[in-house]
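> My questions are about this predicted structure, shown below with the sequence.
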Amino acid sequence: MASLALIVAAGIYLSANLPEHVSLAPAVILLSLSAVLMGLNLVSLTRVKDFAWERFFAVARWSLLAYLVIAGMLEFVFLHNHVRGGTLVVLTLSLLIFAVHVPTLMGFTVARYHQSSAG
Amino acid sequence: MVSIARDGAAEQPQDAAHHGPPPAIPDFDIVPRIGLALAGVVMVAVIVVVAINKLWPLEFMHVVFGAGWTVIDLFLGFVIGPILGTLSIPARIEFTTRFMPKMVVLMPAIVTATLVAGWQLSTHLGTNLNSYPQHGWVVASMIVVGVMAIVALGLLEPANIAVLIELKKPRPNPQVIERLMKRFIYAAGITGLMQVATFVIMTKLASS
């Protein structure tokens, strides 16, 4: 959730200043923190004993497809409005993390309750 | 504890005698195919509207889907949610298996259409520029939407999916369903409250 909040904050910061040129540093910091947090979450997930990975991937892969479409639409609207350069790179990476993050949360929730239900 | 079974004739638990037979769960699709097709139509329509970049279609898309989003959140958070909590378990199950799959495809499509059309409308009108006198209100709307997105994507949507997957099991766990439904309803209540803030911002922007 914290990682998702960071990426949303980065998106709001950039969107609030488009199409003017703005310092990318705050967005890059938020994006990096979000990516690191998500990475740490995934690593800690791999250490959970008897985690229901089958359930996790069953949900996460379809959610990933759906959220890639959503992220793609947001990317399209930015490209359509001539967002270019560093801003586009940061926005694209933010959307990518968003598209991976939400399916991870969905897969995790289902797998977690699958475990508690099974256990 | 009340047991739930996919089939009314399924094996009954030891304490079922106190509560009657376990309620049967109607068969359902977690992701309705018709809903997926409709969501696809909405996505294509949004792309077309953004590409042609005309005021009326953009305004139509943003207002119609935005109104749908707001009404659903408010109705779910403040009307359906409290009623759902008072229903009997079989009634809750029946409602959940009919209502939640629709929400799985409906909400992401509505939210995406509102945001994409809204951003394009804002670009078209120039309200996303720093020079726009009410730019602060536009940024406030982005923050409100951001908070709603975190609650909806981090809590509401995963709970929605998890409830449906639990209900698909041969013997769903009532405690898990209860906990997830509570989470879903509370999250809907929070987004409902945030929608009140959206009302304030949007009416302010529309009247400026």
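Cool, got the structure. Numbers count the residues shown, from 1 in each chain, chains lettered A, B, ... in the order given.

> How about the residue of chain A found nearest chain B, nearest residue that isn't a chain neighbour?
In chain A, the residue that lies nearest chain B is A:Thr109 (3.6 Å; C-beta to the nearest C-beta). C-beta coordinates here come from the backbone N, C-alpha and C atoms, glycine included. With C-beta to C-beta, 6 or more residues apart in numbering or on different chains as the measure, B:Pro158 is the residue that lies nearest to A:Thr109, at 3.6 Å, once sequence neighbours are left out.

> Mind checking if the helix or strand hosting B:Thr112 is in reach of chain A?
Of the helices and strands defined by DSSP states H and E, B:Thr112 is found in helix B:89-125. Yes - contact between helix B:89-125 and chain A, assessed by C-beta under 8 Å from any C-beta of the partner chain, occurs at B:108, B:112, B:115-116, B:119-120, B:123.

> What's the separation between the closest residue to chain A within chain B and B:Val138?
In chain B, the residue that lies nearest chain A is B:Pro158 (3.6 Å; C-beta to the nearest C-beta). Noted for B:Pro158: a distance of 30 Å to B:Val138, by C-beta to C-beta, to the nearest Å.

> Please apply the same query to B:Leu129.
Applying C-beta to C-beta, the value for B:Leu129 to B:Val138 is 9 Å.

> Chain A contacts on chain B?
Near chain A, the residues belonging to chain B are B:31, B:43, B:46-47, B:50-51, B:53, B:108, B:112, B:115-116, B:119-120, B:123, B:128-130, B:138-139, B:142-143, B:146, B:149-150, B:153-155, B:157-159, B:161-162, B:165-166, B:169, B:172-173, B:176, B:179-180 when assessed by C-beta under 8 Å from any C-beta.

> and the helix holding B:Thr112, what other elements does it pack with?
helix A:53-80, helix B:33-52, helix B:55-75, helix B:135-151, helix B:157-168, helix B:174-206 (3 or more C-beta pairs under 8 Å, 6 or more residues apart in numbering or on different chains; DSSP states H and E).

> what's the average pLDDT for the fifth one?
It refers to helix B:157-168. On average, the pLDDT along helix B:157-168 is 86.

> Not counting it itself, show me its contacts.
A:55, A:59, A:63, A:102, A:105-106, A:108-110, A:113-114, A:117, B:4, B:6, B:25, B:28, B:30, B:93, B:96-97, B:100-101, B:103-104, B:107-108, B:172-173, B:176-177, B:180-181, B:183-184, B:187 (C-beta atoms under 8 Å, 6 or more residues apart in numbering or on different chains).

> how about the residue nearest the centre of chain B, what does it touch?
Taking C-alpha atoms, centre = their mean, the centroid of chain B lies closest to B:Met107, which sits 4.4 Å from it. In this structure, B:Met107 makes contact with B:69, B:72, B:152, B:157, judged by C-beta under 8 Å, 6+ apart.

> Quick check: B:Gln195 touching B:Leu74?
Yes - with contact taken as C-beta atoms under 8 Å, B:Gln195 and B:Leu74 are classed as touching, separated by 5.5 Å.

> all helices for chain A, in order.
Under the criterion DSSP state H, chain A carries helices at the ranges A:2-17, A:25-46, A:53-80, A:85-118.

> could you say what helices and strands the shortest one packs with?
Contacts of helix A:2-17 with other secondary structure elements, assessed using 3+ C-beta pairs under 8 Å, 6+ apart, are made with helix A:25-46, helix A:85-118, helix B:135-151.

> Could you tell me the least trusted of these?
Taking the average pLDDT of each of the helices and strands packed on helix A:2-17, the minimum falls on helix A:85-118, with a mean of 86.

> which of the residues in that helix are buried?
Going by neighbour count (16 or more other C-beta atoms under 10 Å in any protein chain shown), the buried part of helix A:85-118 is A:87, A:90-114, A:117.
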